[in-house]
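**Q** Take this sequence and fold it.
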Amino acid sequence: AAGLSGRGGMVSLGVGVGEAELLVSRWAGRVEVAAVNGPLSVVVAGEPEALGELVAECEGAGVRARWVDVDYASHTAQVEVIEEELARSLSQVRPVSSRIPFFSTVDAEWLDTAELDAGYWYRNLRST
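**A** As a prediction, the model looks like this:
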């Protein structure tokens, strides 16, 4: 996904999703909640400059903020620029059913892996 590289970043915060949403509201359209990993573990992503300001604010307020070692903003609007590229790249992939149960964090339900087509993986990369 060369179209994403160098355009963004990600930061892990030691807060709940509600607090993370409040923290990033100052940078609306520039930083988004990207992943909710636990009750007090949220990853935000977006423009590097805005993330730097957020990290500085968090450090000043005693909120744990750690940069994730990536140069893109997964699970944000930035992913939308590669939707067509991803669809083309994955067009030949033919998912099949698995004997191992698969719980989708995208759909929050058990899925037959035969449903994991290019559209699913785009939604996975774009959605929180």
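**Q** By mean pLDDT, flag the weakest helix or strand of the chain.
**A** helix 83-89 (a mean of 91; mean pLDDT, DSSP states H and E).
**Q** for that one, packing partners?
**A** Secondary-structure packing of helix 83-89 (3 or more CB pairs under 8 Å, 6 or more residues apart in numbering; DSSP states H and E): helix 118-126. To be clear about C-beta, it is placed using only N, CA and C from the backbone, and glycine gets the same treatment.
**Q** Quick one: mean pLDDT over the helix it packs on.
**A** The average pLDDT within helix 118-126 is 93.
**Q** I would like the residues contacting that helix, please.
**A** Contact partners of helix 118-126, identified using CB atoms under 8 Å, 6 or more residues apart in numbering, comprise 74-76, 79-80, 83, 86-87, 89-91, 93, 104-106.
**Q** Show the subsequent helix or strand relative to the top helix by length along the chain.
**A** Longest helix in the chain by number of residues (criterion: DSSP state H): helix 48-61. Proceeding N to C from helix 48-61, the next assigned helix or strand is strand 65-68, under DSSP states H and E.
**Q** Just say helix, strand or coil for the spatially most distant residue from the centre of the chain.
**A** In terms of distance from the mean C-alpha position of the chain, R99 ranks first, at 27.9 Å (CA atoms, centre = their mean). With DSSP: H, G, I helix; E, B strand; the rest coil as the basis, R99 sits in coil.
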